[in-house]
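Asker: What follows is a predicted structure for the sequence shown.
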Amino acid sequence: MARIPDDLLERIRRDVPIQTLAVRAGVELRPHGDNLLGRCPWHDDKTPSLVLTPSKNLWHCMGSCQIGGSPIDWVMKAEGVSFRHAVEILRADFFPTSPSLDGPPSHTTVPQLASPLESEASDRELLGQVIDYYHQTLKESPEALAYLEKRSLRHPELVDHFKLGYANRTLGYRLPAMNRKAGQEIRTRLQKLGVLRESGHEHLSGSLVIPILGESGEVLGAYGRKIRGDLRSGTPDHLYLPGPHRGVFNVEALKASKEVILCEALIDALTFWCAGYRNVTAAYGVEGFTHDHLAAFKAYGTEQILIAYDRDDAGDGAAERLSKKLMAEGIACSRIQFPKGMDANDYALKVQPPAKALGVLIRSAVWMGNGRPHARAVAHAVNEAARLVPPPAAAASSASRRSGSANLHLSIHSYEIHSKAFWPRLAIVLLAAVACPTGAIG
């Protein structure tokens, strides 16, 4: 094995910018005197403890890692490779025309992780490949999986069904070097797609990634939710890829059911889904109901929307405005009412088990119109209430049951069914019918 030339080592230590390696790892740097500070990518760095000194081209983690060194040491740590292997990686990336450490052939034979993105892919395919990379990253990330568990999003099919992902700042490491034409081209395209910012950082860095998929599986957009709570003041917890929102989350729900639960946020929609309520979709925030949502509701013949927005002033106001818009289009609306100040995920975490807890709220959803409820809303309330009632006693005669049924029918139609108080009381009426099958009700 040939000895590593001293001049190559000196050239790497001098001419490979340590800040470039840090940026590739997704580290956001800020000046601090003659140094640059950032969060160490190798431990849970709550305050910036990574110090880069460009004048000396050195780095050091002042936190729990307590390590540092030259660009060679950085690659050894980042890639988990030997000193010689790190030198060859840096040589191939930054000085590709220099001789390989082991002589001809001039192309490096050092095994490196293949790029997950294909340079010849179309923009649509490229975005799909990014989502695929994030998806695989989540499956291998204890931190991201722990976040899903913390939010009680633990259905065994959830991650694969919605192709959930995690942007952990490693995508840059898997791309060709910036000083190569291929590296520049792929990064420019990713910036246009919104995956990378102009700084080179991943836009959704540190986030659980929920893609918005079209009917054929194409990626129409993506939402990112930061999974750590120790971010710098002012850092947004919620991000979307830049540009107008496109598509409808879980569009399969609209195909399968004429009644759809509409949440304010995607995490809330996942909460309903995990609890067994698959007829669920979401807006993109409190004012994030789009033309695509309305067009899809009309295209699939949606008849009833259960609005499950957050129970706060913003959510209540948006739900009221949205109900008027939907009813003007002939779509009936009811409001799922969480306790004040709560959303679906809050409620499911605090009231167990989630399936029953959310079911109670669905069954007691409040009609939002001023007139007679949509026929589907009436049928839904009757069926859901009746589902909770045991069958009449076996000893009751069929004549008695018929008499009780008739009285129940009269009671329902004599009650003001346009009243918002009708729905919670319907279950009581049904229970009374069972308890007194031959007597008058109401």
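Answerer: Great, that's in hand. Numbering: from 1, shown residues only.
Asker: Output the contacting helices and strands for the helix or strand where residue 323 lies.
Answerer: Assessed by DSSP states H and E, residue 323 sits inside helix 313-328. Applying 3 or more CB pairs under 8 Å, 6 or more residues apart in numbering; DSSP states H and E, we find helix 313-328 packed against helix 291-299, strand 304-308, strand 332-335. Where C-beta positions appear, they are placed from N, C-alpha and C, glycine not excepted.
Asker: redo that, cut-off 7 Å
Answerer: When contacts are defined as 3 or more CB pairs under 7 Å, 6 or more residues apart in numbering; DSSP states H and E, helix 313-328 packs onto strand 304-308, strand 332-335.
Asker: Quick one: closest of these to residue 237.
Answerer: With CB to CB, the closest approach to residue 237 among the helices and strands packed on helix 313-328 belongs to strand 304-308: 20.0 Å.
Asker: Partner strands of that closest one and their direction?
Answerer: Paired with strand 304-308 in the same sheet, following DSSP bridges, are strand 259-263 (parallel), strand 332-335 (parallel).
Asker: closest one to residue 227 among these?
Answerer: Each of these has some distance to residue 227 by CB to CB; the shortest is strand 259-263, at 19.5 Å.
Asker: Need the contact partners of the helix or strand following that closest one.
Answerer: Using DSSP H and E, the helix or strand that directly follows strand 259-263 along the chain is helix 266-274. Helix 266-274 has contacts (CB atoms under 7 Å, 6 or more residues apart in numbering) with 151, 153-155, 158, 210, 223, 225, 249-250, 261, 263, 280-282, 308, 343-345, 348, 358.
Asker: Try it again at 8 Å.
Answerer: Here helix 266-274 makes contact (CB atoms under 8 Å, 6 or more residues apart in numbering) with 151-155, 158, 162, 210, 223, 225, 249-250, 261, 263, 280-282, 284, 308, 310, 343-345, 348, 354, 358.
Asker: can you check stretch 27-34 too?
Answerer: Contact with stretch 27-34 is made by 19, 22-23, 36-41, 48, 50-55, 169, 199, 201, as judged by CB under 8 Å, 6+ apart.
Asker: which parts of that stretch are buried?
Answerer: Of the residues in stretch 27-34, 27, 28, 29 count as buried by neighbour count, 16 or more other CB atoms under 10 Å.
Asker: Quick check: mean pLDDT of that stretch?
Answerer: Mean pLDDT, computed over stretch 27-34, is 92.
Asker: got any ranges where the stretch 151-300 of the chain has weak pLDDT?
Answerer: Scanning the stretch 151-300 of the chain for pLDDT under 70 picks out 178-179.
Asker: Could you rerun that using 80?
Answerer: The stretch 151-300 of the chain contains residues with pLDDT under 80 at 173, 177-180, 199, 230-233.
Asker: who touches residue 144 in this structure?
Answerer: Contact analysis of residue 144 by CB under 8 Å, 6+ apart lists 137, 138, 166, 168, 208, 227.
Asker: between these, which has the most around it?
Answerer: Using other CB atoms under 10 Å as the neighbour test, the contacts of residue 144 are led by residue 166, with 27 neighbours.
Asker: Might one say that that one is in contact with residue 142?
Answerer: No: contact criterion CB atoms under 8 Å: residue 166 and residue 142 do not qualify, at 10.5 Å.
Asker: For residue 94, which non-adjacent residue is closest in space?
Answerer: Nearest residue to residue 94 in three dimensions, chain neighbours excluded: residue 16, at 5.2 Å (CB to CB, 6 or more residues apart in numbering).
Asker: Residue 321: how many residues sit nearby?
Answerer: Neighbourhood size, residue 321 [other CB under 10 Å]: 12.
Asker: tell me the contacts of it?
Answerer: Going by CB under 8 Å, 6+ apart, residue 321 touches no other residue.
Asker: and the gap between it and residue 265?
Answerer: Counting by CB to CB, to the nearest Å, the separation of residue 321 from residue 265 is 17 Å.
Asker: Likewise for residue 180?
Answerer: Residue 180 sits 40 Å away from residue 265, going by CB to CB.
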